[in-house]
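Visitor: Below is the sequence, then the predicted model.
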Amino acid sequence: MSTGAFLDYSEDLLEAPSDERILGAALLAFTARDLVPELLAKLSPTDFVDSHIGQIWESARNLLSRGKSISKRTLLAERDTPAVRVRIEQLAGEPVRPAAVSAAAHAVAEMAQSRRLIQVCKRIAEVTTSAQSYGEAFEFAYQQLSTLDGGTVHHDVETLDTVTDTWLHWLDSPDAEVRTFETPWAELDETLAGGLHAGRTYVFGARPGDGKSIAGVNLAVRAAENGHRAAIFSVEMGNIEVASRVYAAAAEVEYAQITKRTLDTFNRARLDAYVAAHRDMPLFLIDKSDVTVDYIASRCRALKRNGGLDVVFVDYLQLLRETDSKQARERQVAHISRSLKVLARELDVAIIIACQLNRNPAAGEKKPALSDLRESGAIEQDADIVILLHHQIEENLPTGYVDLIVAKNRTGKCHTIPLRWMGYQARFSS
């Protein structure tokens with residue numbers, strides 16, 4: 001029964017080195033000592049891709065089973081090799097947040113199970129190509145799959161009593177432990193209960209040329225400047241153009257001079273100073289013109305596993321390619337919108353989505369409304385926050401101000417925030 005079957009797989013995408021380091025550091029951290037027994041019971045040494053952390057994990061389990069304390073000294077007494085000693089020295093003293101430890105344990109367990117599933121599928125594919133019959137191949141596949149754990153059961157139904165403990169911890173946590181990311185505009189932060197919140201989606205709607213891309217880039221750059229890992233998916237612009245907008249806005253340099261590559265002495269000095277100080281900020285630019293929401297999700301998951309991810313900007317929704325071209329366009333857009341909402345919850349990141357508005361009302365004089373969101377009402381339904389951009393007009397002339405109309409806000413009031421339009425520097429200013 002040879003079929004020439006070929007199994008395409010990528011185990012390198014199923015590694016979480018930063019999460020493994022968090023768990024290794026937790027063994028030696030005073031702040032996580034209450035979590036260690038449960039962690040050691042939940043994860044086995046073979047769950048780790050880093051074999052040295054796996055060996056340290058095995059030593060810790062042995063110490064715990066004998067009722068001994070876990071420390072640098074006792075771990076080295078259990079197993080002392082040059083590689084293990086180096087790894088323990090690297091892990092000792094690293095800051096550990098309990099919330100990060102729980103998330104890391106979940107990620108490492110999931111990745112380990114997925115790697116085992118890939119290995120089983122490989123064996124099934126190999127046997128299937130040489131099996132004498134479908135029944136023989138099926139029986140082998142069934143036996144192999146039955147050896148795997150069933151995976152994590154997601155406890156999505158909890159009593160109020162159980163949730164209350166988590167809620168009280170959140171309520172009393174210091175601001176530094178709550179994942180909120182400030183924006184460049186203080187009044188917007190006040191309106192959004194402190195800024196962008198992880199797990200929520202923010203739609204910025206505007207007509208062509210009114211600044212939705214500029215707003216999203218400004219938000220992502222501010223997050224990165226503050227040390228939060230941010231990603232920009234731009235379907236409309238390449239990385240050179242995105243970088244030009246990033247540096248024009250952040251360094252307050254004339255955008256036209258950058259695009260023409262004719263910077264005067266003053267602007268070049270400002271640009272060079274900012275680049276030297278911030279070029280290594282954690283901002284990721286993804287340059288791909290043919291993008292689906294599934295591609296965005298896969299890249300975000302990879303970034304989350306390898307160092308973390310906090311803020312994502314998608315520019316813009318209507319340019320994303322459909323996954324199923326047979327569906328009506330309204331349903332395609334609804335699927336994209338819902339998928340981004342689910343992704344924000346799954347990865348605990350803030351997702352900013354630029355969205356095109358319908359070209360009417362005529363001449364752009366009438367302020368936009370939620371009903372102007374183009375192609376699907378699902379965009380409004382899925383978003384936690386919808387902000388519509390409108391350039392102020394008086395006597396048929398622009399005033400130089402743009403209104404951020406907070407038309408939907410699940411975290412506070414809806415009102416209008418006027419900002420100065422600094423289009424020549426690709427930014428808004430309070």
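Guide: Yep, that arrived.
Visitor: Helix or strand next in line after the one helix or strand N218 maps to, which one?
Guide: In this structure, N218 sits in helix 212-225 according to DSSP states H and E. Counting by DSSP H and E, the next helix or strand C-terminal to helix 212-225 is strand 230-234.
Visitor: And for that following strand, what's in contact with it?
Guide: Strand 230-234 has contacts (C-beta atoms under 8 Å, 6 or more residues apart in numbering) with 213, 216-217, 220-221, 223-224, 241-242, 282-288, 291, 296, 299-300, 303, 309-315. Where C-beta positions appear, they are placed from N, C-alpha and C, glycine not excepted.
Visitor: Go through the residues you listed and flag which are in strands.
Guide: Taking DSSP state E as the definition of strands, the contacts of strand 230-234 contribute 283-287, 311-315.
Visitor: Pick out whichever of those residues sits closest to I352.
Guide: Proximity to I352 was ranked across the ones in strands among the contacts of strand 230-234 by C-beta to C-beta; first place goes to F313, at 4.5 Å.
Visitor: From F284, how far off is the closest one?
Guide: Noted for F313: a distance of 10 Å to F284, by C-beta to C-beta, to the nearest Å.
Visitor: for this structure, which helix is longest?
Guide: Criterion DSSP state H: the longest helix present in the chain is helix 98-130.
Visitor: What is the subsequent helix or strand relative to it?
Guide: Next along the chain after helix 98-130, taking DSSP H and E as the criterion, comes helix 134-146.
Visitor: That following helix packs against which elements?
Guide: helix 98-130 (3 or more C-beta pairs under 8 Å, 6 or more residues apart in numbering; DSSP states H and E).
Visitor: quick one, which of F313 and F284 is more surrounded?
Guide: F313 (28 against 17; other C-beta atoms under 10 Å).
Visitor: My read is that that one contacts A215, right?
Guide: No - in this structure F313 lies outside contact range of A215 using C-beta atoms under 8 Å: 9.2 Å.
Visitor: tell me, what's touching the two both at once?
Guide: In contact with both F313 and A215: A354, using C-beta under 8 Å, 6+ apart.
Visitor: about what we covered before: export the ones in strands among the contacts of strand 230-234 to JSON lines and append columns for distance to T162 and pLDDT.
Guide: Compiled in JSON lines, these are given as follows (distance: C-beta to C-beta, whole Å; pLDDT from 0 to 100):
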{"residue": "L283", "distance to T162": "38", "pLDDT": "92"}
{"residue": "F284", "distance to T162": "37", "pLDDT": "92"}
{"residue": "L285", "distance to T162": "41", "pLDDT": "92"}
{"residue": "I286", "distance to T162": "39", "pLDDT": "88"}
{"residue": "D287", "distance to T162": "45", "pLDDT": "83"}
{"residue": "V311", "distance to T162": "30", "pLDDT": "96"}
{"residue": "V312", "distance to T162": "30", "pLDDT": "96"}
{"residue": "F313", "distance to T162": "35", "pLDDT": "96"}
{"residue": "V314", "distance to T162": "34", "pLDDT": "93"}
{"residue": "D315", "distance to T162": "40", "pLDDT": "86"}
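Visitor: ok, back up a step: and the longest helix of the chain with helix 134-146, angle?
Guide: Per axes from the mean of the first three to the mean of the last three C-alpha atoms, to 10 degrees, the angle that helix 98-130 makes with helix 134-146 is 160 degrees.
Visitor: what helices or strands is helix 98-130 leaning on?
Guide: Helix 98-130 sits against helix 17-26, helix 36-42, helix 134-146, with contacts defined as 3+ C-beta pairs under 8 Å, 6+ apart.
Visitor: how about the helices of the stretch 251-400 of the chain, start to end?
Guide: 255-260, 265-278, 293-305, 329-347, 378-382 (DSSP state H, counting those that start in this stretch).
Visitor: which of the ones you listed has the lowest average pLDDT?
Guide: The stretch with the lowest average pLDDT out of the helices of the stretch 251-400 of the chain is helix 378-382, scoring a mean of 81.
Visitor: measure the closest residue in space to L343 that isn't next to it in sequence to V342 for me?
Guide: Computed as C-beta to C-beta, 6 or more residues apart in numbering, the closest residue to L343 that is not its neighbour in sequence is A297, at 5.2 Å. Going from A297 to V342 by C-beta to C-beta gives 9 Å.
Visitor: Check N358 too.
Guide: 26 Å.
Visitor: For this protein, give me the ranges with low pLDDT.
Guide: In the prediction, the chain carries residues with pLDDT under 70 at positions 1-16, 149-157, 170, 175-178, 323-327, 359-365, 374-377.
Visitor: and it, what are its domains?
Guide: 1-152, 176-429 (automatic domain parsing).
Visitor: Please work out which of those is packed deepest.
Guide: domain 176-429 (a mean of 18; mean count of other C-beta atoms under 10 Å).
Visitor: Pull the distance from that one to the chain's centre.
Guide: 14 Å (C-alpha atoms, centre = their mean, to the nearest Å).
Visitor: now stretch 69-89
Guide: Stretch 69-89 sits 34 Å away from the centroid of its parent chain (C-alpha atoms, centre = their mean).
Visitor: Now Q318. Nearest residue, chain neighbours left out?
Guide: In space, Q318 is closest to Q356, 4.9 Å off (C-beta to C-beta, 6+ apart).
Visitor: show me the contacts for the one you found.
Guide: By C-beta under 8 Å, 6+ apart, the contact list for Q356 reads 205-208, 212, 316-318, 374.
Visitor: what distance separates the start and the end of stretch 356-369?
Guide: 12 Å (C-alpha to C-alpha, to the nearest Å).
Visitor: next structured bit after the one helix or strand A60 maps to?
Guide: A60 belongs to helix 51-65 when assigned by DSSP H and E. Next in sequence after helix 51-65, counting helices and strands by DSSP H and E, comes helix 72-78.
Visitor: Following that following helix in sequence, what is the next regular element?
Guide: Next along the chain after helix 72-78, taking DSSP H and E as the criterion, comes helix 82-91.
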